[in-house]
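> Can you look at this prediction? I've put the sequence above it.
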Amino acid sequence: MAEHYKPHKYKAWEMTLEERFQEVYPPFSEREATLEANRCLYCHDAPCMVACPTHIDIPTFIRKIATGNVKGSARTILESNLMGATCARVCPVDVLCEGDCVLGADHKPIAIGRLQRYATDYASERGIKFFQKGQPNGKKVAVVGSGPAGLSCAGELAKQGFDVTVFEKNEMAGGLSTYGIVVFREPVEVSLAEVKMVQDLGVTVKCGVTVGKDIKFDDLVKDYDAVFIGIGLGNVPMMEIPGEDIGGVLDGLDFIAETKVKDLNKITYGKRICVIGAGNTAIDCATIARRLGAERVTMIYRRSEAEMPAYHFEYEFALKEGVSFMFLTQPVEVMAKDGKVDGLKCVRMDLGAPDASGRRSPYPVDGSEFVVPCDMVIKAIGQVKPAAFLSMLEPYGVESVKGYIKVDEHNRTRHAKIFAGGDCVRSHGEASTVMAVQDGKIAARAITEALVATPACAKK
């Protein structure tokens, strides 16, 4: 497991609750960053750079740290990725840049994520501003959703002189980075600092505004020259099993959000918790529960370890945090006593032929029902696709694929004024923050090319 994701080996009686929710690693000191940067070979073909979805010039930003030019390093990062501080913390570096580091074969790969954090934090803590709003070009763009895709698109457009307004349904901007990334990976302050950076470029961010309720989508198309949709996905879907609606059954994303916006001491949690699912969000829920103080956390997954969608390093992370796993297990009923969770009835599963996704399909084993004692159940079985938003897009001829918004390689829909990016278009492959950031960049470039004469910088 990469050092970037090494968990705390804490003992509850030796650490305060706040200490358990500090970032996994303390920031590099100047000496540590310089020593690590000097390990880099500055490869001429830079496989780490090729592996980065936003194509940050990694050898260059690391060399600048090695030579003491940390401000220049931060500029190099942010020129390619405005959400560089977030991505430094949450990118799956093990399977991207660090995973392709040539030193990884025989030595320890360069800690690219931690070096990127060092540089971007350096700039943020000193209030250094690298970019400014471009010369106004007379064009207006509406951005729906203030997550990584929306903010990336908005920021890049503002640099090109567009008048950009972002509409966000939540009370705080930042989307998944603000509400959905476990706090010991990314503190909410980091996400909000990136929101402010985009606002400083002249972007207007309107929170507490739901498109389709507080403002009509038709009005956005009518009043703006282009609309970018970066709404992400919805809450966790229903499991459709008896007892799911009783107290103590929580949405995994809501559980994570509580650690970002509430006093940790006021969060309610169980002593014995079952987390349903085996993706990265489920891992986050389980590790949060352990760090809050749950005595036993068990992850329930209907397939085997080989099929689990979470990254392998996330799986190792959870194991080292003391999380237990029950594979080939399907929940069939939430048991209740006095209106509260008292257990989770499950059935053993076996695997058959591969399904459309390539994973072997699970089927129940007759007569194998059993009950897992628990007092809280957390659902983390995926997210609801944007069906309601798709219905608003239908009159404009925007197509969907597998319940996601259909776009071309430039993140354009079939309607000339409507663009989209982020999780709401990710009908195949893995969704991640860094991919959403790149979607925003691609869409901003396409919007610029469609509405104004393309400046040289937009072609890069």
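Sure thing, it's come through. This one's a predicted model, so the numbers in the text were calculated from it and none came from an experiment.

> I'd like the distance from stretch 317-328 to the chain centre, please.
Its chain's C-alpha centre and that of stretch 317-328 lie 21 Å apart, by Cα atoms, centre = their mean, to the nearest Å.

> no wait, stretch 155-162
Here stretch 155-162 shows a centroid-to-chain-centroid distance of 23 Å under the convention Cα atoms, centre = their mean.

> Pull the residues that contact that stretch.
82, 131-137, 139-141, 164, 197-198, 201-203, 440-441, 444-445, 447-448, 451-452, 455, 458 (Cβ atoms under 8 Å, 6 or more residues apart in numbering). No exception for glycine: its C-beta is placed from N, CA and C like everyone else's.

> And the helices in the stretch 301-450 of the chain?
In the stretch 301-450 of the chain, the segments counted as helices under DSSP state H, counting those that start in this stretch are 312-320, 387-393, 433-451.

> I'd like these as CSV, with distance to residue 285, mean pLDDT and mean neighbour count appended.
What follows is these, written out as CSV (distance: least, Cβ to Cβ, whole Å; pLDDT from 0 to 100; neighbours: other Cβ atoms under 10 Å):
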stretch, distance to residue 285, mean pLDDT, mean neighbour count
helix 312-320, 10, 93, 18
helix 387-393, 24, 92, 16
helix 433-451, 18, 97, 25
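
> Out of the ones you listed, which is closest to residue 91?
Checking the helices of the stretch 301-450 of the chain against residue 91 by Cβ to Cβ gives helix 433-451 as the closest, at 5.1 Å.

> that older thread, buried among the contacts of stretch 155-162? Make that a ChimeraX selection.
Filtering the contacts of stretch 155-162 down to the buried ones (16 or more other Cβ atoms under 10 Å) takes a single ChimeraX command:
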select :82,131,133,134,137,139,140,141,164,197,198,201,202,203,440,441,444,445,447,448,451,452,455,458
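
> Now intersect the contacts of stretch 155-162 with the helices, please.
If you go by DSSP state H, the contacts of stretch 155-162 have 197-198, 440-441, 444-445, 447-448, 451 in helices.

> sorry, back to before: can you tell me which of the helices of the stretch 301-450 of the chain is nearest to residue 257?
helix 433-451 (16.0 Å).

> now for that closest one, which elements pack on it?
helix 84-90, helix 148-159, strand 226-229, strand 418-420 (3 or more Cβ pairs under 8 Å, 6 or more residues apart in numbering; DSSP states H and E).

> Pick the most deeply packed of the ones you listed.
helix 148-159 (a mean of 31; mean count of other Cβ atoms under 10 Å).

> circling back to that earlier point, which among the helices of the stretch 301-450 of the chain is found nearest to residue 44?
helix 433-451 (23.7 Å).

> how big is the angle separating the closest one from helix 148-159?
Angle of helix 433-451 versus helix 148-159, following axes from the mean of the first three to the mean of the last three Cα atoms, to 10 degrees, is 40 degrees.

> roughly how far is helix 433-451 from the heart of the chain?
17 Å.

> List the contacts of the lengthiest strand in the chain.
In the chain, with assignment by DSSP state E, the single longest strand is strand 340-354. Residues outside strand 340-354 that contact it (Cβ under 8 Å, 6+ apart) are 243, 246-249, 270, 274, 300, 302-304, 307, 326, 328-336, 360-365, 368-377.

> Just the buried subset of these, please.
Counted by 16+ other Cβ under 10 Å, the contacts of strand 340-354 give 243, 246, 248-249, 270, 274, 300, 302-304, 307, 326, 328-331, 333-336, 360-362, 372, 374-377 as buried.

> Export the helices and strands packed on helix 433-451 as CSV, with columns for distance to residue 263 and mean pLDDT.
Below are the helices and strands packed on helix 433-451 laid out as CSV (distance: least, Cβ to Cβ, whole Å; pLDDT from 0 to 100):
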stretch, distance to residue 263, mean pLDDT
helix 84-90, 22, 96
helix 148-159, 26, 98
strand 226-229, 34, 98
strand 418-420, 36, 98
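
> Make a markdown table from the ones you listed and add distance to residue 352 to it.
Converted to a markdown table, the helices and strands packed on helix 433-451 look like this (distance: least, Cβ to Cβ, whole Å):
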| stretch | distance to residue 352 |
| --- | --- |
| helix 84-90 | 35 |
| helix 148-159 | 37 |
| strand 226-229 | 38 |
| strand 418-420 | 36 |
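
> So which of those is nearest residue 126?
Proximity to residue 126 (Cβ to Cβ) singles out helix 84-90 among these, at 13.1 Å.
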